[in-house]
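Undergrad: only geometry, no sequence info:
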């Protein structure tokens, strides 16, 4: 088995400090990757993200990550997208104009429904009703995780496993298929349970 070596994708739109601190705290080796070079050296990849879907998608594509991520997932290399990183895994985003995503899952990222009259962004701890798969090992169901977002994935046309959270409506807060995982919440800011989820991703996937 390949030694655990984590590639953290740094396309200049990620909340890198908290992710780095979490991986370091858990005792895993990592490297920040601006461009997809020597990607075969890494056992796992994390795609963090905050900010605009439109700008992030263009940046990822211009750096060559769209093709690299497709190659990684085709080779069954584990990938975890966090917040905007998860949203980019879907087909399309509508923030600041429609733009194509990585298309790892079928679905679109849209603004929360204004009919709910709830404050945006959705911020703070909220419950995730998860599917008890391997990455959720020893994590209670439901469990609280930290969110900060105004856009969400409501529906997915896929055979992926999904977990849901309610904020005026049910939305997809976690998704997984094969070795591709997406968390709408920030596990790196979710205390012990978040660290457990990240460690499960690295140790059990």
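TA: Noted; the coordinates are in hand. Every value quoted in this text rests on a predicted model; they were computed, and no experiment measured them.
Undergrad: Tell me where this structure has strands.
TA: For the chain, the strands defined by DSSP state E cover 5-9, 29-33, 44-47, 79-82, 92-93, 99-100, 108-111, 122-128, 143-149, 151-153, 161-166, 170-177, 180-183.
Undergrad: In CSV: those strands, plus mean neighbour count and distance to residue 203.
TA: For the C-beta atoms, the positions are set from N, CA and C on the backbone; glycine is no exception. Putting the strands of the chain into CSV (neighbours: other CB atoms under 10 Å; distance: least, CB to CB, whole Å) gives the following:
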stretch, mean neighbour count, distance to residue 203
strand 5-9, 21, 11
strand 29-33, 16, 13
strand 44-47, 26, 10
strand 79-82, 26, 13
strand 92-93, 20, 31
strand 99-100, 16, 33
strand 108-111, 18, 29
strand 122-128, 16, 20
strand 143-149, 20, 18
strand 151-153, 22, 27
strand 161-166, 19, 19
strand 170-177, 22, 16
strand 180-183, 25, 14
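Undergrad: want to throw those into JSON lines with mean pLDDT and distance to residue 199?
TA: Putting these into JSON lines (pLDDT from 0 to 100; distance: least, CB to CB, whole Å) gives the following:
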{"stretch": "strand 5-9", "mean pLDDT": "97", "distance to residue 199": "11"}
{"stretch": "strand 29-33", "mean pLDDT": "97", "distance to residue 199": "13"}
{"stretch": "strand 44-47", "mean pLDDT": "98", "distance to residue 199": "11"}
{"stretch": "strand 79-82", "mean pLDDT": "98", "distance to residue 199": "12"}
{"stretch": "strand 92-93", "mean pLDDT": "94", "distance to residue 199": "29"}
{"stretch": "strand 99-100", "mean pLDDT": "94", "distance to residue 199": "33"}
{"stretch": "strand 108-111", "mean pLDDT": "95", "distance to residue 199": "27"}
{"stretch": "strand 122-128", "mean pLDDT": "98", "distance to residue 199": "17"}
{"stretch": "strand 143-149", "mean pLDDT": "98", "distance to residue 199": "15"}
{"stretch": "strand 151-153", "mean pLDDT": "96", "distance to residue 199": "25"}
{"stretch": "strand 161-166", "mean pLDDT": "97", "distance to residue 199": "18"}
{"stretch": "strand 170-177", "mean pLDDT": "97", "distance to residue 199": "16"}
{"stretch": "strand 180-183", "mean pLDDT": "98", "distance to residue 199": "13"}
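Undergrad: is it possible to export those strands to CSV including distance to residue 191?
TA: Below are those laid out as CSV (distance: least, CB to CB, whole Å):
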stretch, distance to residue 191
strand 5-9, 20
strand 29-33, 20
strand 44-47, 18
strand 79-82, 15
strand 92-93, 29
strand 99-100, 34
strand 108-111, 26
strand 122-128, 9
strand 143-149, 8
strand 151-153, 23
strand 161-166, 17
strand 170-177, 17
strand 180-183, 14
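Undergrad: Quick one: closest of those to residue 201.
TA: If you check each of these against residue 201 by CB to CB, strand 79-82 wins as the nearest, at 5.2 Å.
Undergrad: Against which helices or strands is the longest helix seen in the chain packed?
TA: Among the segments of the chain that qualify as a helix by DSSP state H, the longest is helix 191-204. Contact partners of helix 191-204 among helices and strands, from 3 or more CB pairs under 8 Å, 6 or more residues apart in numbering; DSSP states H and E: helix 16-25, strand 143-149.
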